[in-house]
Structure formats: C-alpha cells, structure tokens
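A.B. asks: Sequence plus predicted model, see below.
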Amino acid sequence: MKQITITHARQNNLKNISVAIPKNKIVVFTGVSGSGKSSLVFETIGAEAQRQFNETQGSFLRNRLQHIGVPDVEKIENLNVPIIINQKRLGGSARSTVGTATDVYASLRLLFSRMGKPFVGYSNVFSFNNPVGMCPACEGLGFVQTVNVDALIDRGKSLNEGAIRFPTFQPGGWRLTRYTLSGYFDNDKPLKDYSAEELEMLLHAPEHKPKRPHREWGKTVKYEGVIPRIEKAFLKKESRENITRKEALKHVIITRSCPACNGKRLNEEVLSCKIRGMDIADCARLSADELLAFVASLDAGAYGTIVAELKKKLQHMIDIGLQYLTLDRRTDTLSGGESQRIKMVKNLGNNLTDLLYIFDEPSIGLHPKDLQHIAAIIRRIRDKGNSVLMVEHDPDLIRIADWVIDMGPLSGKHGGEIVYEGTFEGLKHSTGKTGQYFAQQPRARYSRRRADGYLEIKNAHLHNLKNVSVKIPRKVLTVVTGVAGSGKSTLINKVLPTIYPEVTIIDQSLSAMGVRSNLLTYLGLSDDLRGRFAKANHVSARLFSRNSEGGCENCRGTGVERIDLAFMDDIEQPCEVCGGSGFKPEVLQYHYRGRNILQVMDMTVEEAMAFLPDELYAGAFEMLCRLGLSYLSLGQRLDSFSGGERQRLKLTRELQHRNKIIVLDEPSTGLHPSDTQLLLDFMDALVDQGNTLIVIEHNLDVITHGDWIIDIGPGAGKYGGEVLFEGTVEEMLKRGETATGEGVRRHLGMERKI
C-alpha cells in the first residue's frame with residue numbers, strides 16, 4: 001500500500017511522532033482542540049509539501065511565493081503536490097466576488113461574448129475590473145463614496161484645536177501641516193468664523209502651489225483641499241492605508257450605489273448586450289440555482305460547450321451547499337466556512353490526479369443535511385485518484401473516513417501523541433476522548449425548563465424572511481436551527497435586536513484583533529503582570545510592554561517582519577533581531593519568580609494557573625478552563641484565534657451577569673465533542689442564573705440539549721425564511737417533518753425516512 005511516511009515529527013507540541021498515512025484514502029485526524037492535529041497536518045505535512053513544491057519553481061516566482069520554514073521533523077517521504085483548503089476567509093477587495101473567485105463569472109463572460117446581442121466585444125470587456133468594460137463613474141466598484149463634511153469637521157474648533165476629525169489631520173498629525181503651514185488660514189480661528197472663500201479653500205481647493213506659505217513649507221509640496229486629499233488617499237484606490245483607517249473612514253464616508261450604472265459595475269455599452277433580456281449584471285445578481293435554471297433554459301446551439309462548462313461550475317456550487325450565493329456577492333462578506341467551500345468549488349473542476357488535498361474542518365457552518373453533499377464531494381475527490389487529509393470534529397464526516405488518526409490524549413503539553421490509528425469501526429473501542437464519544441449512544445434532553453414569558457417577533461420580512469412571527473421563551477435554552485442561508489442569523493442577529501435592543505450578541509469576531517492584542521491584554525491582566533516584573537526588578541513597568549520601552553526597535557514589538565509583495569499577499573517572518581519575541585533582548589534578563597516576561601507569555605493558561613495562583617488571575621483562568629481553552633498561551637495573538645475560540649473568549653465575560661438576553665452564533669464551531677459537553681455545561685450555568693439564552697446552531701449534540709427548538713427553512717435564500725417547527729426535542733421526534741428532524745432522529749439512533 002502507498003503511504004506518506006513521517007519520521008520523528010516534533011513541531012509545536014508533537015512528541016517525536018512517527019506515522020504512516022495511507023495514500024488515495026480519506027484520512028481524518030481527530031482529537032480535542034490543541035491536541036496537535038493542525039501541528040501534524042498543516043504545519044508539518046502541508047507546510048513541507050508546499051515548501052518542496054515551491055522549490056521546484058523558477059527563482060523569479062519562488063521569491064514571490066510565501067516563504068515557508070522547514071518544519072521540525074526528521075523526514076517525510078512520498079509526499080504529493082498539496083492543495084490546502086483552509087478556513088482562512090477569502091477577504092479580497094471590493095473587486096473580488098463569488099463569481100470571480102469560483103471562475104463562474106469567467107465562463108459567464110465567455111457566454112455573453114458569444115451569445116449576447118448586440119456584439120460589444122470579447123469576454124474581457126464584460127469584466128468590471130477591465131478599464132474597457134468598467135463603469136467610468138465608479139471604476140467598476142458598483143458604488144460611489146463621498147465625504148460627509150458635517151462628520152469630518154467640527155466647526156466650533158480651529159485647526160490647532162482639532163477641527164478636522166480624521167487620523168493624521170489632528171493636531172500633531174503630519175497631514176495637518178499641509179494646512180497650518182499653507183499661509184491661507186488663521187490656525188486659531190474656529191471654522192464657523194471662516195468666510196465662504198476660506199472654507200472652500202480648506203475643503204475643496206484643487207491641487208496647486210500656495211503663493212505665500214510658511215518658511216517650513218517644502219519647496220516641491222503642493223496644496224490641496226481636505227476632501228480631494230482624503231478621496232485620493234483613501235477612496236480612489238484600495239490602498240493599505242485605506243484598510244488601516246477602515247474604522248475612521250466609516251464615520252466620515254457616505255457610500256451609495258453608483259447612479260451611473262445602478263450598481264452594475266459595467267458601462268452602458270457592455271450592459272446593452274443581452275441574452276433573453278438579461279444583461280450580465282442581471283445574471284450575476286441571481287443566486288447560483290436561479291442562474292443554473294436560466295442557463296439550462298438557453299438554446300445553446302453552437303455554444304453548447306460553453307453552456308455545459310457553466311452549468312457544471314454552477315452545479316458544483318449547489319452540490320456544496322452554496323446555492324443561495326449570488327455571483328456578485330463580495331468575497332470579503334463570506335464566512336470562514338463559505339470561504340472554504342468556495343475554494344473547494346474552484347478545485348472540483350480540475351482533472352488533476354494524485355494530489356494531496358488537505359481540509360480544515362469542512363463541516364464548519366453546515367447543517368447535517370448539507371454535510372451529506374460535502375461527504376459526497378470528498379469521496380469524489382478521493383475516487384479521482386487523490387489523497388485526502390482532513391482535520392475534523394463532526395461525527396458525520398469522521399464516519400466517512402477510510403482511516404482515522406486520533407491525536408491526544410489531551411491539549412497542549414498533554415497532547416501531541418497518536419492515541420489511535422485505524423478504521424472508524426476500531427475507533428469506537430479506543431481509549432481516547434474521540435473513541436469514548438463514539439462508544440456512547442447520544443441522548444436527548446427530555447426534562448426541560450419552563451418558559452418565564454416570551455420574546456415576540458411579528459411579521460419579520462428582512463432579507464429572505466417571509467413575514468415570520470415567532471415566540472422565543474424567556475429564561476430557557478432555545479436552539480435556532482436550519483440549513484445554511486435559511487434565515488436563522490437574519491431573524492436572531494438582525495431582527496430580534498431591533499425589537500429588544502438589550503440583546504447581547506456573542507459572535508465569532510473580536511473587535512480589537514491585531515498583532516499587538518493577545519490573550520492577556522484581552523483579559524485586562526497585562527498591566528498587573530508588568531507591574532509585578534517592575535517591582536521585582538526595580539525598573540519601569542514600560543520595559544515589559546512590547547508596545548512601549550521594551551519593544552524591539554527593528555519590528556516595533558510585533559515579533560514579525562512583513563515583506564510587501566505588492567499585488568500578492570504580504571509574507572511574515574520572525575524578526576531577526578528579537579527572534580520573534582517582540583522584546584528587546586536586554587529585557588529578557590529581568591525575572592519574576594525565576595521566569596522572564598517571554599517565558600511567562602509562552603505559558604499555557606493551565607501552566608499560568610499554578611504560576612499565578614492568586615485570585616486576580618484565578619477567576620479568568622478557571623473560566624477559560626471550563627470552556628476547554630486551557631491550552632491557549634497567554635501571549636497568543638488574538639488574530640490567530642479561530643472563530644470558535646474567539647467566541648468562547650467573549651463568553652468568559654458573560655457568566656457574571658443575570659437577566660440578560662444572550663445570543664450565541666454557532667458556539668460549537670471547532671469543538672471536539674468532549675469540549676462541546678463543556679460548552680453545554682457552561683450554557684446551562686448561564687440559563688440557571690436567570691439569563692435567556694438563544695443559540696444558533698447546527699451541532700446535533702447542542703440541538704438535542706435545547707429546552708426549545710425553532711427550525712427555519714426549508715431551503716436557503718429565497719427557498720428559506722419560514723418557521724418550520726417550534727417545540728421540544730420530544731415533539732420534534734414525534735412530528736418534526738424537517739431536515740433537522742431527520743438529522744436529530746438519525747443522531748439519536750431513531751432513523752426514519754421522511
């Protein structure tokens with residue numbers, strides 16, 4: 001049997017692992033969070049396969065590919081060329097859409113260039129990213145942005161007092177000197193006292209050389225009004241500064257659909273080309289299943305090959321559960337699960353074989369019904385002659401494995417070993433936490449809490465909701481279910497807060513995610529820790545901050561050096577001066593209780609509980625352990641946390657409260673079944689304290705634990721938006737004739753075809 005052979009892998013917490021992985025099989029890696037699955041699959045096998053493949057490229061291309069370090073492993077033999085499909089959000093600019101990311105739009109452009117009437121040019125003119133085809137007014141973006149003058153300036157203040165409310169235009173900001181040194185203004189006069197000419201000069205003047213500027217004015221520097229300057233720097237291009245000023249821009253910019261093209265992105269001539277009365281933008285506004293129906297109805301004639309290719313790509317989108325997405329949907333609005341499935345669609349069309357596909361929890365965000373589609377697609381990839389490695393927690397996807405490798409036994413330093421390797425049938429008899437889960441028959445919760453009043457929603461019709469009226473019981477655990485795109489999040493995250501503004505929504509985002517935010521800063525404990533180091537060493541506490549005196553000057557305390565590759569993704573590598581610590585090397589000579597600041601920041605929560613046992617730390621650390629996050633390190637960057645980890649981190653702040661309405665959006669994301677039990681215990685504690693808990697969820701263990709279930713559907717997009725079922729698990733088993741009801745019956749071993 002062909003095998004990928006790994007000898008002595010030591011990456012992160014891996015304990016000198018040697019393992020043989022069968023090729024041309026579906027191999028699923030299981031284990032609790034932090035057990036070493038990703039260290040083995042992504043950071044060892046995937047990284048080495050990608051690195052070796054990159055080495056085969058020419059030097060020009062190789063220098064522009066991401067630089068991947070050599071993993072800590074003695075050797076890996078028989079690797080294939082990898083296709084790594086992870087949960088990293090697609091992101092992209094306003095110019096990247098579902099259509100462009102899946103290549104469906106490329107096929108649609110080709111179709112319009114051949115079948116469209118009148119003929120306006122070849123396929124490239126139908127691209128909104130091409131100057132020939134784009135709308136000249138919005139440059140192909142579909143929207144125009146203008147500066148809201150009233151939000152931008154404070155007329156009661158002078159320039160020196162901060163009248164311009166935008167970063168770098170404030171006192172001390174470098175951009176403000178372009179106005180205070182221009183010679184045009186009394187810098188201490190409030191803007192409300194400016195003449196019309198002065199205000200016009202400040203806000204709208206075109207670029208020119210000032211006549212009598214201050215002596216410090218640069219010889220070649222030109223003057224320009226504040227509004228055209230902001231438009232040039234932030235609105236006319238997808239600049240890096242635009243991204244970093246996103247929050248500030250939000251407050252001063254008005255965005256509206258482009259009046260010239262009505263948001264269609266293309267110029268008048270291109271939009272005049274139609275097929276059966278539809279221009280290409282009309283087609284891009286259809287959901288994938290609607291577009292497939294339109295394309296299938298065409299009399300293709302000589303263009304049958306193009307139509308067949310387009311139908312195949314759209315069918316892939318539908319098979320993978322993305323039938324509700326429109327081609328014009330921006331990729332930066334997609335969830336991690338949707339992004340991963342988009343990447344899968346792109347790879348489904350290729351005819352390459354003997355590749356190594358690596359998936360990171362493809363079950364994320366999917367209803368049990370949709371999982372059957374994913375399972376079929378993964379089998380199809382294997383059957384084409386490829387090898388599939390999959391990190392997964394979902395029982396339904398673990399069951400399709402030809403071979404299972406279970407990591408553990410626990411997280412962090414207590415993990416990093418192989419607990420079991422073999423068939424799925426054998427997994428049930430193994431001693432690890434995964435085996436223990438499969439050895440038990442899941443059970444529903446039949447003794448439930450009673451409602452203490454209701455939250456009422458009447459005739460909700462936002463997005464795809466079809467005049468939905470629903471009563472959500474107070475002070476119990478309500479689970480809202482339904483296929484992806486059915487309207488669950490619209491109902492609970494969008495409509496409910498408009499009626500009950502006191503709702504607390506805990507989703508999977510973190511507001512302050514960046515290279516400078518870590519677990520300790522989020523918990524509000526970093527100042528105390530710095531104070532302890534300062535007191536023990538009789539030096540300033542600022543020395544123990546990467547953002548202050550202690551920060552490495554080369555990388556400015558981030559620990560990484562970024563290499564800007566212009567049109568390609570930036571690459572990050574550890575700073576050469578501080579070795580990735582972010583601290584000046586001399587700071588590491590100071591100790592507190594025998595450890596330097598970096599050693600403490602590298603401790604896991606579990607290790608830190610013993611090192612910092614006093615009450616200030618114990619409360620937060622115990623909460624993290626209760627949520628299964630004991631393996632996180634204190635200095636771990638927040639932007640490296642998974643969505644599920646972020647959400648549980650936010651949850652640590654909620655247990656102290658009572659009489660709140662709390663919404664959790666898919667809290668089981670990324671959780672091993674044994675950690676899901678920890679989450680259920682935590683949720684029970686929230687409800688027992690008198691809170692109303694509403695959970696949007698696909699996980700069958702969570703659904704069957706609910707006191708009350710609301711099922712939305714039956715399908716996605718326009719096929720969803722209706723309440724299919726309201727009641728208890730017991731009632732769902734008796735009369736829940738829905739896809740969720742069928743999933744619950746199968747989960748509880750009471751399968752019955754609907």
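C.D. replies: Received it, and whenever you're ready, just let me know what you need.
A.B. asks: For the stretch 101-250 of the chain, which segments count as helices?
C.D. replies: Here the stretch 101-250 of the chain has its helices, by DSSP state H, counting those that start in this stretch, at 104-115, 149-152, 177-180, 196-204, 226-230, 240-244, 246-252.
A.B. asks: Include mean neighbour count, distance to Arg593 and mean pLDDT when you put the ones you listed into JSON lines, please.
C.D. replies: C-betas here are computed from N, CA, C, even on glycine. Output for the helices of the stretch 101-250 of the chain, formatted as JSON lines (neighbours: other Cβ atoms under 10 Å; distance: least, Cβ to Cβ, whole Å; pLDDT from 0 to 100):
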{"stretch": "helix 104-115", "mean neighbour count": "21", "distance to Arg593": "59", "mean pLDDT": "97"}
{"stretch": "helix 149-152", "mean neighbour count": "14", "distance to Arg593": "50", "mean pLDDT": "93"}
{"stretch": "helix 177-180", "mean neighbour count": "18", "distance to Arg593": "49", "mean pLDDT": "93"}
{"stretch": "helix 196-204", "mean neighbour count": "15", "distance to Arg593": "57", "mean pLDDT": "96"}
{"stretch": "helix 226-230", "mean neighbour count": "20", "distance to Arg593": "51", "mean pLDDT": "92"}
{"stretch": "helix 240-244", "mean neighbour count": "12", "distance to Arg593": "38", "mean pLDDT": "48"}
{"stretch": "helix 246-252", "mean neighbour count": "14", "distance to Arg593": "39", "mean pLDDT": "75"}
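A.B. asks: Make CSV out of those and add distance to Glu607.
C.D. replies: Shown next, in CSV, are the helices of the stretch 101-250 of the chain (distance: least, Cβ to Cβ, whole Å):
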stretch, distance to Glu607
helix 104-115, 49
helix 149-152, 48
helix 177-180, 50
helix 196-204, 57
helix 226-230, 48
helix 240-244, 35
helix 246-252, 35
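A.B. asks: Disregarding flanking residues, what is the spatial nearest neighbour of the residue located most distally from the centre of the chain?
C.D. replies: Most distant residue from the mean C-alpha position of the chain: Arg212, 51.5 Å away (Cα atoms, centre = their mean). Leaving aside its sequence neighbours, Arg212 sits nearest to Gly183 (Cβ to Cβ, 6 or more residues apart in numbering; 4.5 Å).
A.B. asks: any low-confidence regions in this protein?
C.D. replies: Flagging of the chain using pLDDT under 70 yields the residue ranges 1, 66-67, 236-247, 336, 509-515, 562-572, 655-656, 751-754.
A.B. asks: can we see that at 50?
C.D. replies: 239-241, 243, 565-570, 752-754 (pLDDT under 50).
A.B. asks: returning to that earlier point: verify the contact between the residue farthest from the centre of the chain and Tyr223 for me.
C.D. replies: No: between Arg212 and Tyr223 no contact is recorded; they are 11.3 Å apart, counting by Cβ atoms under 8 Å.
A.B. asks: Which residue is the nearest non-sequential neighbour of Leu271?
C.D. replies: Asp279 (4.7 Å).
A.B. asks: That neighbour - how many residues pack around it?
C.D. replies: Asp279: 19 surrounding residues under other Cβ atoms under 10 Å.
A.B. asks: how far away is it from Thr97?
C.D. replies: The gap separating Asp279 from Thr97 is 16 Å, by Cβ to Cβ, to the nearest Å.
A.B. asks: so what's the residue lying closest to Val539 once chain neighbours are set aside up against?
C.D. replies: Leaving aside its sequence neighbours, Val539 sits nearest to Tyr590 (Cβ to Cβ, 6+ apart; 6.7 Å). Going by Cβ atoms under 8 Å, 6 or more residues apart in numbering, Tyr590 touches 533, 536-537, 539, 543-544, 596-597.
A.B. asks: Top of those residues by number of neighbours, please.
C.D. replies: Neighbour tally across the contacts of Tyr590 (other Cβ under 10 Å): the maximum, 28 neighbours, falls on Phe544.
A.B. asks: Next, Glu77: phi, psi?
C.D. replies: Main-chain dihedrals, Glu77, degrees, to the nearest 10: phi -120, psi 150.
A.B. asks: list the contacts for the closest residue to it other than its chain neighbours?
C.D. replies: Leaving aside its sequence neighbours, Glu77 sits nearest to Thr5 (Cβ to Cβ, 6+ apart; 4.5 Å). Thr5 is in contact with 19-21, 75-78, counting by Cβ under 8 Å, 6+ apart.
A.B. asks: For Thr5, give its distance to Arg265.
C.D. replies: Taken as Cβ to Cβ, the span from Thr5 to Arg265 is 51 Å.
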